[in-house]
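Trainee: My questions are about this predicted structure, shown below with the sequence.
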Amino acid sequence: MCDKTLIARSRREFLEKSGMGFGALAASWLMSRDALAATSGFAPRKPHFDAKGKAVIYLFMHGGPSHIDTFDPKPALAALDGKPVPPSFGKVDFQFTKMDKVPIMASRRKFKPRGQSGIEISDLFEGVAAHADDLAVIRSVHHDGFTHVTGQNWMNLGWPRVGRPSVGSWVVYGLGSESDNLPAYVVMLDGGIKAGAPSYGAGFLPAMYQGTLLRGEGPPILNVNRPKDVAAGEQEKMFDALRFLNERHRETRADDSELAARIASYELAFKMQMSAPEVADLSRESEATRRLYGIDSADTSEFGSQCLMARRLVERGVRFVQLYSGGKKGSEVGWDGHNECEQNHAFMANKVDKPIAGLLTDLKSRGLLDSTVILWGGDFGRTPFTDGAEGGGGNRNGRDHNPYGFSVWMAGGGIRGGKAIGATDDIGLRAVKDKATVHDVHATLLGLLGVDHKRLTYPFQGRDFRLTDVHGENDLTARLTRG
Amino acid sequence: MVRAILFLVTGVSVAAAGLPEKGRQILDRHCVSCHGPAKMAGLDLRQRDAAIRGGGRGPAVVPGKPAASLLIQAVERQGAVAMPPGKKGLDPAEIATLRQWVESGFEWPASTGAAEPSWWSFRKLQRSAVPTGASNPVDAFVAARLRDKKLTPVPLADRRTLIRRAYFDLHGLPAPVEEIERFEKDEAPDAWAKVVDKLLESPRYGERWGRHWLDVVRYADTGGFETDIYFPNAWRYRDYVIKSFNDDKPFDAFIREQVAGDEIWPGSLDLEGGFKIPDEKQRKLEARIGTGMYTIGPVYHEAALFGGQQRYEWLSDVVDTTGEAFLGLTLGCSRCHDHKFDPLTSRDYHAMMAVFATSDEREVPVIAKFNIYGYKSGYPNWLKVEEIKGQIARIEQGPRKRAVDRVRARFDAAALAAFDKPEKDRAPDQRALAAKVEEAMTEAGLKENAKGRAFDSSYTADEQTRRDKLIRELGEAALRANPVMQTATVLGPADEDYKVHLTARGDWRSKGEEIGPALPAALDAERRRVDPVHRRKSLAEWLATHPLPARVMANRVWHWHFGRGIVATPNDFGRQGDEPSHPELLEWLAAEFAANGYRVKALHRLIMTSETYRRSSAANAENARIDAGNVFLWRANRRRLESEALRDAVLAASGSLNTKMGGRPVIPVLSPEEYSTMWARNQWPESMDEKERDRRGVYLYVKRSFAMPMMTAFDSPDPSVSCARRDSTNVAPQALTLMNGAFTGLHAHRMAERIAKQAAAPEWAGRAFRMALGREPSAAERGRASQVLGPAPDEAALARLCLVLFNTNEFVYVD
């Protein structure tokens, strides 16, 4: 977007510095894929150290799923149900709720130990729970953004405001792309998201590192379909003519690698016109696979289709895929259970549990789980007491946003699963043990891909910025990948 | 290189002085910018005692013991601290001098004779002597550097290339083919100067260069974040910027108006005097609209965050933007801690916040008082609108009431009694009863509902009829009502005297020492006092006469002409920024700029009439081996059009460009795919007049939470912070945008329609090339074109050819 660096400042300079002089490029306008990738900023790059993870699928539960109803059991809540919050837990700010005015609300969900490891997961996620031995649940994540946009910005950008690159942008900036006909960083929404495009934006990185939206219906990628009034044969002629004109133009400008890169970008665009519809066409999958993801059922078909698409993308070398559950659609509120949280979560979990379980199963059976890091999380967790400010809307059995302690889980990418790391206090209000900041989660995500979060930097406003700012000390990579 | 510059500028000669003098000169030159008035890390190296006493890390100098002196350890880069910051340390000779000086007792000289700040960009402007050998001083300076580097400049560009470059550069639009041909034939010696003058006189100039400035001040029409509030008057500031460039407003006045238009040109804005606002007041009003710069930043509007944090965020944005836009310094770092590389302390940052702390945004009417009364006379029409809306709302309660009643009918009296009681008054057993009713209400869609259910909201026939009738009446009443009263959003005195406190790591809750308004210590050698009431006025007067803004703006102008500034980091003139490629030229340009009344158009003329500007962009392998990045300007830089220029070029080529200026932002129509990602679709009320959609890119709606895909694809900046320099990338989504997108498709058709009306099929290809590229096609190109057109060309085929032309490198790049 806003150029602050040498890479994009002048591709000519970049090439010169990377040892690809004029001669090499002047030889032919038709560049090899590697040369194109080098000039386009998407060359696959070596990670800082060996790691199993090559790609990421980030499952984002928009609205903020309650940790104490899903991955963080709090038996102590039962005795406190309906009672005021004991003062010993201290006071913190929430968006709507004054915590001294509202009663504790215990989870109505049943938790039980799962798999060999015995991690406790609630019956909202029976499907995912069957994979417990592959999961690393981090129960002590925290940040300070108690509104949706700040929470989403924290989880996606590593700070509460806008203007910084999203996690996916950092990853593709750091590692480039393995695909020569699909975008490196793909995002799928199931409705509008509160923090909007900055959630997958490139911030101060060049715009080419932003996420590309992929849709299940209509043109899978914006403008990837030919205009309706142009037939395929006609468009081929147009591409031919364009190539010819650009070649002529370049005859007297042979030294200019940017012009060559632009010519090559049309080759890629042309290929993308073919490959994007192909990747989005789930009818090519077997009936059994489609069932595995729940595509055959009305409740799960939307998120199931996204999960299956995610696998197809990762299979084809896409580096970073982010899926959203709970975007704005009609009067649905996503995972934002301010009102009747139990009913809300049952409804939402039902949409995603089977698809996520199917994704884990499918990746594993295809040998892709080891090279794919799965991250599950949302804006924040939710409060152990009911939602409502003083004189607010009565007992709505809801839960307010809680950024002070909540859970995310990771799987794949070399993680030795069956782990639960960190803990919140007895009521799930705040992270207290082995606390993990969002920076730590991001450092871990990069670590699983072989990227040292301290060395992945970009110069902006007079300093070298990192995804993890000046933090990320509690990088969990080593702990997660140990047996 | 920086050291070399300083010698040049100051003429200080180390060899001529004795050891204490030499030593102190080194401190002044390299250390005092931070460890002087700014006292970074508590260390002040301007006095012997203070130097020995040291700062937060303890004594800096132990006379007689260099090895034990922190100062020596730091410059030798052996201890915990490496100084000066950055990759480069001092010269070995300088280190040796310091060592000897400390060893010999650290005797303090009376004076070094240098009272100037030590960092180059903070010093007074020194008009450098122009090297001989060229009639245009720009060429003289550039030629000197080319000779140093053994570079041979390429020849001048041909006239066609030149005029195309000039049009895109000054207008952001393609040169019309008639203008190209006229210029090619014009043999007058001042033919080129006339082209430049003509372009500078056109209002298209302000639209182009105003847009550059809007990047710097992070312009947008909304506040961003979840609510993304709409700024109804942001466009007035945008128009003010465009007008300022068109009027060639002196840059110092431009600074004064934006920072403190209200305080410098005070007085009543009641705008009396009949229908027409007196000229003097019109001018005052314009100056005040300049302060709109501080009312268009990101607004963090979220429940529970209002008050202290919101205010702190606004002040941070204001200080950051002032720093980057005018001083070319990244003050932002100092919000949380003292700057690591520049002499800017957290105290300086908060003192600058305090300058703005007594100000707040205000809405002022921009029409004469007489007319304000006219508005008020029409106000009862709005009362009528409100009355009808109330009546409609009452009808709309009908279906809801019926739905509630249906749920209530399922419960007994006890449950309903519990439900109707306020929550706090419910007995324990009533809570469970009430919860059941709550759940049923939610289930029925009467409350926010996870399952997305909505209650049956259908009206009875009678309700429907009454509602339809009222809606018609509502429309009639709204039609008769006045439009919204015209106001401007500007800065004025705040109601509350907000106190600024030092904070810990930028956390607004941590209130440390109260900080009063002041200018950054290291930049303000004279220690000017900030007027406690008209604080911004003091800041504005200081900025308008300080050398740094003159340098920064001269460099920006250079950057926008050449695609690369003399300082390649136009928003960072500090130690982390790039060193100037032509330091003497920048000094001379800035001095010239200041001496000539800060006229930007004069700078344009000076630069554009130089040979340096007029060079061709041709390759030269010999030069490329030495300077591949063309830092030393042996040729012109070929540049990709920015998002707005590309869009405008398509509009111009298709003959659609609507040159209407100013007013509310243009809100273009988007595709369903684009709308589907928007959180609140109703925040994108499309411009319904189709002609509006053909206006220039500078007038497009800039919505912080939703960047237009076509514009971001071509690297339009993220308006969350100041942008000094845009990216220029080449990626596949751009190809898809131009090849398959609705905008280029529409204009290819319009262009085809226009051509088909003017000429017969055999002439089509020629016309299309002339309109899109300003030239005739070659025979080979004609051949290719006819393949696209096919054997029996129709308008649709011609549109395809036009679309191909919009996609060519020639269309998108400027030589």
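Mentor: Happy to help now that I have it.

Trainee: tell me the domain boundaries of chain B?
Mentor: When chain B is parsed with automatic domain parsing, its domains come out as B:2-110, B:137-208+B:550-626, B:229-373+B:488-548, B:380-476, B:742-814.

Trainee: want to try CSV for the ones you listed, with mean neighbour count, distance to A:Gly327 and mean pLDDT as columns?
Mentor: In short, each C-beta sits where N, CA and C put it, glycine included. Formatted as CSV, the domains of chain B follow (neighbours: other C-beta atoms under 10 Å in any protein chain shown; distance: least, C-beta to C-beta, whole Å; pLDDT from 0 to 100):
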stretch, mean neighbour count, distance to A:Gly327, mean pLDDT
domain B:2-110, 17, 45, 77
domain B:137-208+B:550-626, 20, 35, 96
domain B:229-373+B:488-548, 20, 19, 88
domain B:380-476, 15, 12, 90
domain B:742-814, 19, 24, 96
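
Trainee: Can you lay out those as TSV showing distance to chain A?
Mentor: Output for the domains of chain B, formatted as TSV (distance: least, C-beta to the nearest C-beta, whole Å):
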stretch	distance to chain A
domain B:2-110	11
domain B:137-208+B:550-626	4
domain B:229-373+B:488-548	4
domain B:380-476	3
domain B:742-814	5
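
Trainee: List just the one of the ones you listed that sits closest to A:Val167.
Mentor: domain B:229-373+B:488-548 (21.2 Å; C-beta to C-beta).

Trainee: now the end-to-end length of that closest one.
Mentor: Terminal residues of domain B:229-373+B:488-548 lie 34 Å apart, using C-alpha to C-alpha, to the nearest Å.

Trainee: so what's residue 224 scoring on pLDDT?
Mentor: You didn't pick a chain, so chain A it is. What the model reports for A:Val224 is a pLDDT of 93.

Trainee: wrong one, chain B
Mentor: Predicted confidence (pLDDT) for B:Gly224: 87.

Trainee: Need the domains of chain B in CSV (columns: distance to A:Asp72).
Mentor: Converted to CSV, the domains of chain B look like this (distance: least, C-beta to C-beta, whole Å):
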stretch, distance to A:Asp72
domain B:2-110, 42
domain B:137-208+B:550-626, 43
domain B:229-373+B:488-548, 25
domain B:380-476, 21
domain B:742-814, 48
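
Trainee: To A:His143, which of these lies closest?
Mentor: domain B:229-373+B:488-548 (13.5 Å).

Trainee: How far off centre is the closest one?
Mentor: 15 Å (C-alpha atoms, centre = their mean, to the nearest Å).

Trainee: Let me see the contact set for B:Gly563.
Mentor: By C-beta atoms under 8 Å, 6 or more residues apart in numbering or on different chains, the contact set of B:Gly563 is B:637, B:639.

Trainee: at 10 Å what do you get?
Mentor: Each residue near B:Gly563 by C-beta atoms under 10 Å, 6 or more residues apart in numbering or on different chains is listed here: A:9-10, B:169, B:630, B:636-640, B:725-726, B:728, B:814.

Trainee: cool, and A:Ser140?
Mentor: A:Ser140 neighbours (C-beta under 10 Å, 6+ apart): A:72, A:405-408, A:420-424, A:430-437, A:440, A:474.

Trainee: Mind checking which of these are buried?
Mentor: The neighbour-count test (16 or more other C-beta atoms under 10 Å in any protein chain shown) marks A:72, A:405-408, A:420-424, A:430-431, A:435-437, A:440, A:474 as buried among these.

Trainee: if we can go back for a sec, looking at the contacts of B:Gly563, which one is closest to B:Ser135?
Mentor: Out of the contacts of B:Gly563, the member with the shortest distance to B:Ser135 (by C-beta to C-beta) is B:Ala636, at 19.4 Å.

Trainee: What distance do you get for the closest one to B:Glu611?
Mentor: Distance of B:Ala636 to B:Glu611, given as C-beta to C-beta, to the nearest Å: 11 Å.

Trainee: Just list whatever residues bridge to B:Glu363.
Mentor: Taking DSSP bridges as the rule, B:Glu363 bridges to B:Thr489.

Trainee: Tell me where the stretch 51-200 of chain B has helices.
Mentor: Using DSSP state H, counting those that start in this stretch, the helices found in the stretch 51-200 of chain B span residues B:70-75, B:92-103, B:137-148, B:159-171, B:177-185, B:191-201.

Trainee: which one of the domains of chain B lies closest to A:Thr212?
Mentor: Per C-beta to C-beta, nearest to A:Thr212 of the domains of chain B: domain B:742-814, 18.0 Å.

Trainee: pretty sure B:Gly290 contacts B:Asp239?
Mentor: No - B:Gly290 sits out of contact with B:Asp239 when judged by C-beta atoms under 10 Å, with a separation of 11.3 Å.

Trainee: ok now stretch A:184-203, how far from the chain's centre?
Mentor: In this view, stretch A:184-203 has its centroid 9 Å away from the chain centroid, taken as C-alpha atoms, centre = their mean.

Trainee: Kindly apply the preceding question to stretch A:449-468 instead.
Mentor: Centroid separation between stretch A:449-468 and its chain, computed with C-alpha atoms, centre = their mean, is 19 Å.

Trainee: so does that stretch get close to chain B?
Mentor: Yes - using C-beta under 10 Å from any C-beta of the partner chain, stretch A:449-468 reaches chain B at A:459-464.

Trainee: picking that back up, from the contacts of A:Ser140, which ones fall inside helices?
Mentor: Secondary structure from DSSP state H places A:Asp440 of those in helices.

Trainee: Please, where are all the strands along the stretch 701-815 of chain B?
Mentor: For the stretch 701-815 of chain B, strands defined by DSSP state E, counting those that start in this stretch occupy the ranges B:813-814.

Trainee: swap in the stretch 301-450 of chain B?
Mentor: Going by DSSP E, counting those that start in this stretch, the stretch 301-450 of chain B shows strands at B:359-365.

Trainee: What confidence value was assigned to A:Gly64?
Mentor: 97.

Trainee: Flag the shaky bits of the stretch 301-450 of chain A, pLDDT-wise.
Mentor: Applying pLDDT under 70 to the stretch 301-450 of chain A flags residues A:389-395.

Trainee: Tell me the residues of it that contact chain B?
Mentor: Applying C-beta under 10 Å from any C-beta, we find that the stretch 301-450 of chain A lies next to chain B at A:326-348, A:386, A:388-398.

Trainee: Out of those residues, name the ones that lie in helices.
Mentor: Using DSSP H, the subset of these located in helices is A:341-348.

Trainee: wait, isn't B:Asn555 in contact with B:Phe573?
Mentor: Yes - counting by C-beta under 10 Å, B:Asn555 touches B:Phe573, with 8.0 Å between them.

Trainee: Spit out the residues that contact those two alike.
Mentor: Common neighbours of B:Asn555 and B:Phe573, using C-beta under 10 Å, 6+ apart, are B:121, B:328, B:567, B:580, B:586.

Trainee: From the residues you listed, which land in helices?
Mentor: B:Leu586.

Trainee: Relative to B:Pro532, which of the shared contacts of B:Asn555 and B:Phe573 is nearest.
Mentor: B:Gly328 (27.9 Å).

Trainee: That closest one contacts B:His546, doesn't it?
Mentor: No - between B:Gly328 and B:His546 there is no contact under C-beta under 10 Å: 11.1 Å.

Trainee: Give me the common contacts of the two.
Mentor: Listed contacts common to B:Gly328 and B:His546 are B:Val552; contacts here mean C-beta under 10 Å, 6+ apart.

Trainee: Return a PyMOL selection command for the buried portion of the residues of stretch A:449-468 next to chain B.
Mentor: Selection command for PyMOL covering only the buried members of the residues of stretch A:449-468 next to chain B, criterion 16+ other C-beta under 10 Å:
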select buried, chain A and resi 459+460+461+462+463
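
Trainee: And the residues of the stretch 301-450 of chain A next to chain B, which of them are buried?
Mentor: Buried among those by 16+ other C-beta under 10 Å: A:326-328, A:332-348, A:386, A:388-389, A:392-398.
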